[in-house]
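Visitor: following is a predicted model, sequence given first.
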Amino acid sequence: MPTPIITDGTTDRVPNAPRVVLPSAQTFADRAARFAQLARGHAMGEFLQLMGHVAQAQYEVFDARPAATPSAEAVQRSLNYGMPPLSALSTPRDAGWRADLREIVQRVRAAGGPAAALAAVDALTDAEAEALADRILAGSTLNADAALVPFVGAALQVWFARAASALDVAALEKFDVPTVCPVCATRPVASVVRLGGVRNNLRYLHCALCSTEWNMARIQCSACEQDKGAHYLSLSAQDNDGSDATAAARRAEACDECKTYLKIFYRDKDAYADPVADDLASLALDLLVDERGFARSGPNMLFHPGGG
Ligand SMILES: [Zn+2]
Ligand SMILES: [Zn+2]
């Protein structure tokens, strides 16, 4: 069956919509509920259910400790030059993220998570955990890391999202590199076209690491900023693992200029679509777009693509 290709020329902007929206604990509560919903009747239901337990644990540990704060220099560089204040690769991590990791593992174990993988996370020395964290943040995880990535990735997400949630959003206004997160400089996992309120019908990119969202015009490639080569690929309802509404809500935005793609989720088609959960529930779409020669432009921190 041919894949429908849809071109969407919407570029309208609403002047009073926020440019940047910071995450909160609720981000993870909503994600946990979405994973649980998507797991029902899905071919990868067991995996999605586990990821739901991970997201629930992220929600529960979010308020367990104070937010890390960026250095005074990083805040100043952000104000003066629009540099992301919590750059993923250069921000020193305190031991709090490893405490988050231990608590996430405890909670997922109590929910019936995979004993061997959780024991392997517990067995990591601090140095090994830091080295794995560095590989996840750099996008250079190894096949041998695959079983540990969801838990270590989840802990890093909580630590960075908690820090992001405490920032002054007005101080991020100078940021002008729309292809990476204004808070941590990580690539987006996906984009979401929002429903309702002042953000209605606007496209926001969703940071793969800290869950900050930032606005970008709809018919513009999220990797190279060109608006010429963008087109949309989606699975037919039969090939999609989910309801018809879910199928209609998911597309891959592929760019002929830079030969990359990122998924886009439409909340007017499915009000609960979540950029992280729906991404992992639609890996069949990645296969289809990969086959057509497009490389994915942003990571999912809960998944090692080579070994999952
Ligand atoms: Zn971020
Ligand atoms: Zn492009």
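Guide: Arrived safely. Ligands and ions are numbered 1, 2, ... in the order given.

Visitor: from here on, just use CA atoms for contacts and neighbour counts.
Guide: Noted.

Visitor: ligand 2 contacts on this protein?
Guide: By the rule CA under 5 Å from the ion, the part of the chain lying against ligand 2 is 221, 224, 255, 257-258.

Visitor: reformat those as CSV; add pLDDT.
Guide: Compiled in CSV, the residues of the chain next to ligand 2 are given as follows (pLDDT from 0 to 100):
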residue, pLDDT
C221, 93
C224, 94
C255, 95
E257, 95
C258, 96
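
Visitor: any idea how far the residue nearest to A68 when sequence neighbours are not counted lies from ligand 1?
Guide: Closest residue to A68 in three dimensions, ignoring its sequence neighbours and counting by CA to CA, 6 or more residues apart in numbering: A163, at 5.0 Å. As judged by CA to the ion, to the nearest Å, A163 and ligand 1 stand 10 Å apart.

Visitor: A163 reaches D63, doesn't it?
Guide: No. A163 is not in contact with D63 according to CA atoms under 8 Å; the separation is 11.0 Å.

Visitor: with neighbour numbers in mind, choose between these two.
Guide: A163 (22 against 13; other CA atoms under 10 Å).

Visitor: ok, the more buried one - contacts?
Guide: Contact criterion CA atoms under 8 Å, 6 or more residues apart in numbering gives 67-69 as the residues in contact with A163.

Visitor: gap between the spatially most central residue of the chain and F62?
Guide: Taking CA atoms, centre = their mean, the centroid of the chain lies closest to A208, which sits 3.0 Å from it. Note on A208: its distance to F62, by CA to CA, to the nearest Å, is 17 Å.

Visitor: in strands, which of the residues of the chain next to ligand 2 fall?
Guide: If you go by DSSP state E, the residues of the chain next to ligand 2 have C255 in strands.

Visitor: can I get the residues of the chain next to ligand 2 in TSV with neighbour count and distance to ligand 1?
Guide: Below are these laid out as TSV (neighbours: other CA atoms under 10 Å; distance: CA to the ion, whole Å):
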residue	neighbour count	distance to ligand 1
C221	25	18
C224	15	18
C255	25	23
E257	15	25
C258	17	23
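
Visitor: how about the residues of the chain next to ligand 2 in a markdown table, adding distance to L235?
Guide: As requested, the residues of the chain next to ligand 2 are arranged in a markdown table below (distance: CA to CA, whole Å):
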| residue | distance to L235 |
| --- | --- |
| C221 | 20 |
| C224 | 24 |
| C255 | 17 |
| E257 | 22 |
| C258 | 22 |
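
Visitor: just the ones in helices from the residues of the chain next to ligand 2, please.
Guide: Among the residues of the chain next to ligand 2, no residue falls in helices (DSSP state H).

Visitor: mind listing the helices for the stretch 101-250 of the chain?
Guide: Per DSSP state H, counting those that start in this stretch, the stretch 101-250 of the chain has helices spanning 115-122, 126-138, 149-165, 244-248. These are given in chain order.

Visitor: and among those helices, the most buried is which?
Guide: The highest mean neighbour count among those belongs to helix 149-165 (a mean of 25), with neighbours defined as mean count of other CA atoms under 10 Å.

Visitor: and the strands in the stretch 51-200 of the chain?
Guide: Read by DSSP state E, counting those that start in this stretch, the stretch 51-200 of the chain holds these strands, from start to end of the chain: 188-193.

Visitor: now it against ligand 2: closest residue?
Guide: At 10.2 Å from ligand 2, T179 is the closest residue in the stretch 51-200 of the chain, using CA to the ion.

Visitor: that residue contacts A217, doesn't it?
Guide: No. Using CA under 8 Å, T179 makes no contact with A217, being 11.5 Å away.

Visitor: so how far is stretch 221-236 from its chain's centroid?
Guide: Its chain's C-alpha centre lies 18 Å from the corresponding centre of stretch 221-236 when counted by CA atoms, centre = their mean, to the nearest Å.

Visitor: oh sorry, the question was meant for stretch 187-199
Guide: 12 Å.

Visitor: for stretch 199-216, same thing?
Guide: With CA atoms, centre = their mean, you get 10 Å for stretch 199-216.

Visitor: start and end of it, how far apart?
Guide: End-to-end span of stretch 199-216 (CA to CA): 12 Å.

Visitor: cool, and stretch 50-69?
Guide: 31 Å.

Visitor: quick one: residues in contact with that stretch.
Guide: Stretch 50-69 is contacted by residues 25-29, 31-36, 94, 96, 100, 103-104, 107-108, 111, 113, 150-151, 154-155, 158-159, 162-163, 165-166 when judged by CA under 8 Å, 6+ apart.

Visitor: got a PyMOL select line for the buried ones in the residues you listed?
Guide: Typed into PyMOL, the next command selects the buried ones out of these (criterion: 16 or more other CA atoms under 10 Å):
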select buried, resi 25+27+28+29+31+32+33+34+35+36+96+100+103+104+107+108+113+150+151+154+155+158+159+162+163+165
